[in-house]
Each structure stands twice: as C-alpha cells, then as structure tokens.
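Trainee: coords please:
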Amino acid sequence: MAFRVVNKRGDLMPSFKPSDLWKAEPHTLAKIEIVRRYLYLWFYILGTKNKRLVYIDGFAGPGGYTNSNDSSPTAALGAARTAAERLSASGIPPQEWLFYFIERRPDFASNLSSVIGETSWPGEFRLDVQTGTFNEKFTGIMATMKRFPGGIPPTFAFIDPFGATGVPFSHVAEILKNRSCEVLINLDSDGIGRLVAAAESIEKNRQHLDMIFGDLSWREKLNPKAFMPDLCAQVLALYKSRLRALPNVDYCFSFAMRSTREALNYHLVFASQHPLGLRKMKEAMKAVDQSGSYSFSDDAVGQGHFSFTEPGEPAIRMLHELGDVWRPWKHFDDFALNESPFGNPKSMLAYLKSKGKVEVQWVGPPSKTGFPENRIKLIRLNR
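Mentor: Residues are numbered from 1 along each chain as shown. Below is the predicted model of the structure:
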C-alpha cells in the first residue's frame, strides 16, 4: 500500500532526515509492547462481533527509532494483522478496520507513511496518516466516524503526547462516551505538576490545566506548593477521578513507568466502560513486567512497585474499604480491577481466608476449592 502525504497547499512534505530519529528508552519499548499485546486481544475479541473497528494513534511519530524499527503504529498494525489472520482461520474475516495515525511534524508523517507502506497489509485495513496536531485532527476523525452506519464503531485511542499538553480532556471524554471505546493515555504527571507549581504566575499554564482536566477542579484539588512527588500523585488521582466521573466509565487503572534508576517517567492511564478491557490490559502489563525489562508502580496501589503475584497488601486495603458488610461479588471484582494489580479478587480473598477474615453465603453447598463466582451469593470480610 503506497502513501503520498502532502501539506494543505498540495506540496510534497519536507524530506525526512534519519538523523532526526532518537534512541528509544526501555520504558518506550515496554510501552510499545503493551500496546502490541493488548491490541491483539482487542482486535480479536471485538472482531468476532463487529464489522468495523478503529484505532487512533494521536501522536504517531516517525515510525521507528535508532535502536528499534518498532513503533506504536507498526505494533498496532502487526497486532491487528495477527488477530485478523486468526479470525479468518475461524471463518470470521474482518470487514473494515480503520487506522488513523496523527503526526504533527510533516517530515515524520511522511516517513511514517513510507515505513508502513513497505508492508503489504490486509485489504480490509484502511490506513490514514494525517499531518497536524491531535487537537486539530480529532474533531474531523470523530465527524467521519459519526457518519458510519450505526454510529461510532468500537475505538481504541492511544494518546501519547510529547510533554504535558496537547490532550484536551473534552476529546478523551468524547471517545469514552461511546460503546466499546477505550483510551490509553500517557499522562505526564511530572510535567503537569510543574505547570501547577507555576500556574499562579503564568496565565498560559492555567489555560493548559483547564484544558487537561476539562474543568477548574485542579485549582482546588492540587496544591502548587506540595513536594513534587506528592503533587504528581495529586495530579494522577484527580485525572483518574475525572475519568471515572464520565458516564459508564467504571474501569480505570494507571501504572507508573519508572526507570531502573527509580525515576518516574510518566503514568499510563487506561479507561474503559467494560471490565474485560481492563482485565486484558492487566494481562498485557503483567506479561511485559515479567519480562524483566521494566517495572511498574502506581501511587493508588501502595508504596513502591506493585506485585502481580503478592496479594497481601491490596487484600488488607480491600478488607478496610469493603469490610463488615455483606456484598455481592461485583464489589470485590471492581475493587480488584480498579484498585489492585489483579484481574480478579480471588487471590486476595484466599489471602484473607487464610487469616480467618472471610465469610461466604453460597448458592448450594460450599465450595472446597477457591471462590467460583457463579456459586457465590454474598461475601463478608470481617475486620
């Protein structure tokens, strides 16, 4: 598939210089691998029931690095092709999968077009490289999708800006209000914290922050005089609360990506209307974390790095937050998804059961092995 990217006047884009590429840090390569692993599952699962799917890459880049030929666009396309092949083998070929790659720099957009044009992609794939900012191009893409029969199809948006600004909360909310639509956002908590710290003296920063959070809540919720790690945690907590305030967005989880020197790079924030999306995203995170190439942590799940295998600390928090009341399974499942590293509460319940803290009202005879949710009527945790 060939590409020709032109600017608004119709002139050919400036030539790309390979020297403009940069080295991908470990956290960047880990981020790309998370996108690849998750999107394979996303395209496969949603492709079984939907004729049209959409992927949006809001800050697509030039298509590679000096130390890697991989990028989020090529990872997304590769994952989609593998999923399409599996679906076709099952007799469910994709009908139309659309890929929107947005890149601000004309030379980067041109090179990205060349990179993805070197590979033959399935005929059902529709690839569109657009030159401009995410803010400029988003409205047009959404308008196009609204004209599809049945409205906006299931959409996954990867929003990975270079820095703290450029992602209006209104755009994120516009995506998430639609069925089966999800976002993975690179939240530059440190950069946003620095905007907050200087906002009292710089009017432009206040305007940026109003856009990032979509309202004026940051002016009351964030302390500009706080120690920077604390301010980063406040930024993350407020952003997640803004996402969870959106209609039907019940599932939101963030994970901080830190270098081996323990420096905070950024938070990746995932939001979805469906628990399966968050379950599968955590599977992708866990797979990359266990590769040993990187480690994750989240201020919402305790101090330091969280563990995908040690349930003790999140189990104690679950006990304190949900204890002393008979509750349905969903309360514990949602806690596991939103407030722990785990995809379900079973390991945490097993830990608390070993401490004599769990009572269960069973449907039928008590289970002798684990916590099969279809056999559970109510659970009570005793503090």
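Trainee: S113: how many residues sit nearby?
Mentor: 25 (other C-beta atoms under 10 Å). Every C-beta, even on glycine, is put in place using the N, C-alpha and C of the backbone.
Trainee: can you tell me the helix or strand for it?
Mentor: Element membership of S113, judged by DSSP states H and E, is helix 106-117.
Trainee: packing partners for that helix?
Mentor: Contact here means 3 or more C-beta pairs under 8 Å, 6 or more residues apart in numbering; DSSP states H and E; on that basis helix 106-117 packs against helix 72-89, strand 96-103, strand 125-131.
Trainee: got the CA positions of it in PDB?
Mentor: Output of helix 106-117 as PDB, limited to C-alpha atoms (Å, rounded to 0.1, in the frame of the first residue of the first chain):
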ATOM      1  CA  PRO A 106       5.200  16.800   8.200                       C
ATOM      2  CA  ASP A 107       8.600  15.000   7.700                       C
ATOM      3  CA  PHE A 108       7.700  12.500  10.400                       C
ATOM      4  CA  ALA A 109       4.300  11.900   8.900                       C
ATOM      5  CA  SER A 110       5.900  11.300   5.500                       C
ATOM      6  CA  ASN A 111       8.500   8.900   6.900                       C
ATOM      7  CA  LEU A 112       5.800   7.000   8.900                       C
ATOM      8  CA  SER A 113       3.800   6.600   5.600                       C
ATOM      9  CA  SER A 114       6.900   5.200   4.000                       C
ATOM     10  CA  VAL A 115       7.500   2.800   6.800                       C
ATOM     11  CA  ILE A 116       4.100   1.300   7.000                       C
ATOM     12  CA  GLY A 117       3.800   1.400   3.200                       C
END
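Trainee: between that helix and strand 96-103, how many degrees?
Mentor: With axes from the mean of the first three to the mean of the last three C-alpha atoms, to 10 degrees defining the directions, helix 106-117 sits at 150 degrees from strand 96-103.
Trainee: mind checking how far helix 106-117 is from the chain centre?
Mentor: Averaging C-alpha positions (C-alpha atoms, centre = their mean, to the nearest Å) puts helix 106-117 24 Å from its chain's average.
Trainee: what's the following helix or strand after the lowest-mean-pLDDT helix or strand in the chain?
Mentor: None of the helices or strands of the chain scores lower by mean pLDDT, DSSP states H and E than strand 295-297, at a mean of 59. Per DSSP H and E, strand 295-297 leads on to helix 312-322 as the next helix or strand towards the C-terminus.
Trainee: name the residues that touch that next one?
Mentor: 301-302, 306, 331-332, 335-336, 339-342, 345, 347-349, 351-352, 357, 381, 383 (C-beta atoms under 8 Å, 6 or more residues apart in numbering).
Trainee: at 7 Å instead, please
Mentor: 301-302, 331-332, 335, 339-341, 345, 348, 351-352, 357, 381, 383 (C-beta atoms under 7 Å, 6 or more residues apart in numbering).
Trainee: surely W42 meets A157?
Mentor: No: between W42 and A157 there is no contact under C-beta atoms under 7 Å: 11.5 Å.
Trainee: which one's more surrounded, the two?
Mentor: W42 (26 against 23).
Trainee: ranges for the helices of the stretch 151-300 of the chain?
Mentor: Using DSSP state H, counting those that start in this stretch, the helices found in the stretch 151-300 of the chain span residues 169-176, 189-198, 203-213, 218-221, 228-244, 275-289.
Trainee: as JSON lines, those with mean pLDDT would be great.
Mentor: Formatted as JSON lines, these follow (pLDDT from 0 to 100):
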{"stretch": "helix 169-176", "mean pLDDT": "97"}
{"stretch": "helix 189-198", "mean pLDDT": "92"}
{"stretch": "helix 203-213", "mean pLDDT": "94"}
{"stretch": "helix 218-221", "mean pLDDT": "95"}
{"stretch": "helix 228-244", "mean pLDDT": "92"}
{"stretch": "helix 275-289", "mean pLDDT": "90"}
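Trainee: of those, give the one that comes closest to N69.
Mentor: Relative to N69, the nearest member of the helices of the stretch 151-300 of the chain by C-beta to C-beta is helix 275-289, separated by 18.7 Å.
Trainee: is G63 in a helix, a strand, or coil?
Mentor: coil (DSSP: H, G, I helix; E, B strand; the rest coil).
Trainee: for it, which non-adjacent residue is closest in space?
Mentor: V115 (3.4 Å; C-beta to C-beta, 6 or more residues apart in numbering).
Trainee: so, low pLDDT: which residues of the stretch 251-383 of the chain?
Mentor: 258-265, 290-305 (pLDDT under 70).
Trainee: quick check: can you list the domain ranges of this structure?
Mentor: When the chain is parsed with automatic domain parsing, its domains come out as 18-301, 312-381.
Trainee: how far off centre is the shortest one?
Mentor: It stands for domain 312-381. For domain 312-381, the distance to the chain centre is 26 Å (C-alpha atoms, centre = their mean).
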